[in-house]
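**Student:** here's my sequence, what's the structure:
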Amino acid sequence: MFTSANVTVTVADLKKAVQFYTETLGLKLQGEMDDHFVQIEAPGLTIGLLHLTGERNAQSAKSESMSIGFVVQDLEAAIKTLKSHGVKFHDYVEGKAAQVVHFNDPDGNTLYLVSDH
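**Tutor:** Okay, here's the model as predicted:
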């Protein structure tokens, strides 16, 4: 039924967000729809970055109701790489089946790395 998946994240500064997702996270810029929307290619997922204008922008650019996870084979290596780009981590969780560590994009959207045991 489904052929692919995507998620759209609202951002306050599109240029800064594109830089974070491409340069810091190492994801690929897939395409620019217009001055307010771009698509970023992640493994198995397309992430849309949407810059809202006017009143809607400031409040909409921060979300605590969703998060994007990235599966990694070597959690410590991934943390080290992202820390070298200035990423700050929080909420390290050691679960029975996986290890998870959270961080935020420049707009405060929650992202996380997960590694199976």
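
**Student:** just checking, residue 85 touches residue 23?
**Tutor:** Yes - here residue 85 reaches residue 23: they are 7.3 Å apart, a contact under C-beta atoms under 8 Å. Yep, even glycine has a C-beta here, placed from its N, CA and C like the rest.

**Student:** quick check, residue 19 in a helix?
**Tutor:** Yes - per DSSP: H, G, I helix; E, B strand; the rest coil, residue 19 lies within a helix segment.

**Student:** burial measure for it, as a count.
**Tutor:** When neighbours are counted by other C-beta atoms under 10 Å, residue 19 registers 12.

**Student:** distance-wise, check residue 45 relative to residue 28.
**Tutor:** 12 Å (C-beta to C-beta, to the nearest Å).

**Student:** and the helix ranked longest in the chain, what does it pack against?
**Tutor:** In the chain, assigned by DSSP state H, the helix with the most residues is helix 75-83. Counting contacts by 3 or more C-beta pairs under 8 Å, 6 or more residues apart in numbering; DSSP states H and E, helix 75-83 is packed against strand 89-94, strand 98-104, strand 110-116.

**Student:** now with 7 Å, please.
**Tutor:** strand 98-104, strand 110-116 (3 or more C-beta pairs under 7 Å, 6 or more residues apart in numbering; DSSP states H and E).

**Student:** contacts for the first one next, please.
**Tutor:** Where contact means C-beta atoms under 7 Å, 6 or more residues apart in numbering, the residues beyond strand 98-104 that reach it are 75, 79, 87-93, 110-117.

**Student:** more neighbours: which of residue 45 and residue 28?
**Tutor:** Legend: neighbour count by other C-beta under 10 Å for residue 45 and residue 28, higher for residue 45 (15 against 10).
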